[in-house]
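S.K.: Provided below are the primary sequence and the corresponding predicted coordinates.
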Amino acid sequence: MGALNNALSNAQKVLTNATQSLLGNATGLATGTNPLVQPQIVQIAGVNLPATPLISSRDYFLTQLNSWFSAPSLVSQWICVIDMFPPALNSSILRNLERTAGNYNAFDINVAKSLLTSFPMQRVAGCIFANSVQIPSEELSVEAVTVKNNRGYIPGIISNNRADYSSGIQLGFYESNTSFVDMVLRPWVMLASHYGFVTRKDPKYRIKCNITMLFYAKTFQNVSMIPRKVFRFFNCIPTQVSQQNYDYSEKSEVTSFDVRFNFTNYTVENNLYLPLPQIIAAAKTQSVPALQKIVPFLS
């Protein structure tokens, strides 16, 4: 009789534990702390018995894609901002530095530069001529530790040198009738070759700039896109303009040329300081006052 009572008591404990474990899993699921695939609900005689998944992995993945934070980004939504164009980039200085054979039409860039670097061309939506960008890689070289007669032991690895920024940042600019590449960037490379990379106190002789790359993401309908990440490159100088090829083919595509900028350092920023969940929630209700209260400039 005692053995029967003990068996019944043990069975009751197992049932109680199983019930509590099931409730705990359900509670954990609601709070996001419970594993969603094959949760271990009960342990009997030291053997874990996997239960049926509480939620489909596919459905959970698709649900997460609805979140702004984990939604795939759009690679085409970005702008480039060049913060300064050298004051020394003008016809008079270029004619004094380059051979012109007395041709006063040579390097006559003042009017073109004034137009191509104006506010509408460079500030409203960034540089409107930029149509591609290649962000440089970040690389740390490693090497294996040389050990004499290491036999069956795999050598460990150690860090070596961090790669420099000599490859620079590469931007592609489309060719327009006024030619931003040849009227601004090509003379800028020539100017840099004469002036060098020395820092000068006189602003009119400064030839370096900062380049900001803003990558945008959608928020909600009728709400402006916002930057999802920002690259800032400091002390940039154009050092190479790609060669130009023209022919008599029937192609009607837009011509683009690559320009390489070297820089000294860069930073990466995000926008998670913005209250994004509140912004999106307010946008869904189409509540303009709510948007103005959260972030005034988004309204």
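M.R.: Structure's in. What do you need?
S.K.: which stretches of the stretch 51-200 of the chain form helices?
M.R.: Secondary structure of the stretch 51-200 of the chain (DSSP state H, counting those that start in this stretch): helices at 57-65, 91-97, 110-116, 119-122, 180, 186-195.
S.K.: dump the ones you listed into a markdown table; add distance to Asn131 and mean neighbour count as well.
M.R.: Quick note: C-beta positions are derived from backbone N, CA and C, even for glycine. Listed next are the helices of the stretch 51-200 of the chain as a markdown table, based on distance: least, Cβ to Cβ, whole Å; neighbours: other Cβ atoms under 10 Å:
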| stretch | distance to Asn131 | mean neighbour count |
| --- | --- | --- |
| helix 57-65 | 29 | 10 |
| helix 91-97 | 26 | 16 |
| helix 110-116 | 15 | 16 |
| helix 119-122 | 14 | 13 |
| helix 180 | 11 | 25 |
| helix 186-195 | 17 | 18 |
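S.K.: got those helices as a markdown table, with mean pLDDT columns?
M.R.: Formatted as a markdown table, these follow (pLDDT from 0 to 100):
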| stretch | mean pLDDT |
| --- | --- |
| helix 57-65 | 82 |
| helix 91-97 | 90 |
| helix 110-116 | 95 |
| helix 119-122 | 94 |
| helix 180 | 97 |
| helix 186-195 | 94 |
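S.K.: residue contacts, the closest residue in space to Ser179 that isn't next to it in sequence?
M.R.: Closest residue to Ser179 apart from its sequence neighbours, by Cβ to Cβ, 6 or more residues apart in numbering: Ala112 at 7.5 Å. Listed by Cβ atoms under 8 Å, 6 or more residues apart in numbering, the contact set of Ala112 reads 178-179, 183-184.
S.K.: what's the closest of those residues to Ser159?
M.R.: For the contacts of Ala112, the closest approach to Ser159 (Cβ to Cβ) belongs to Val184, at 40.9 Å.
S.K.: and for that closest one, the neighbour number?
M.R.: By the measure other Cβ atoms under 10 Å, the count of residues near Val184 is 24.
S.K.: spit out the contact partners of it.
M.R.: 85, 89, 109, 112-113, 116-117.
S.K.: again, 10 Å this time
M.R.: 82, 85-86, 89, 109, 112-113, 115-117, 129, 173, 178, 238, 259 (Cβ atoms under 10 Å, 6 or more residues apart in numbering).
S.K.: go ahead and build a ChimeraX selection from the buried members of the contacts of Ala112.
M.R.: Buried members of these can be picked out in ChimeraX with the line below, counting by 16 or more other Cβ atoms under 10 Å:
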select :179,183,184
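S.K.: output the contacts of Ala112 in CSV; the columns should cover pLDDT.
M.R.: Formatted as CSV, the contacts of Ala112 follow (pLDDT from 0 to 100):
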residue, pLDDT
Thr178, 94
Ser179, 95
Met183, 96
Val184, 97
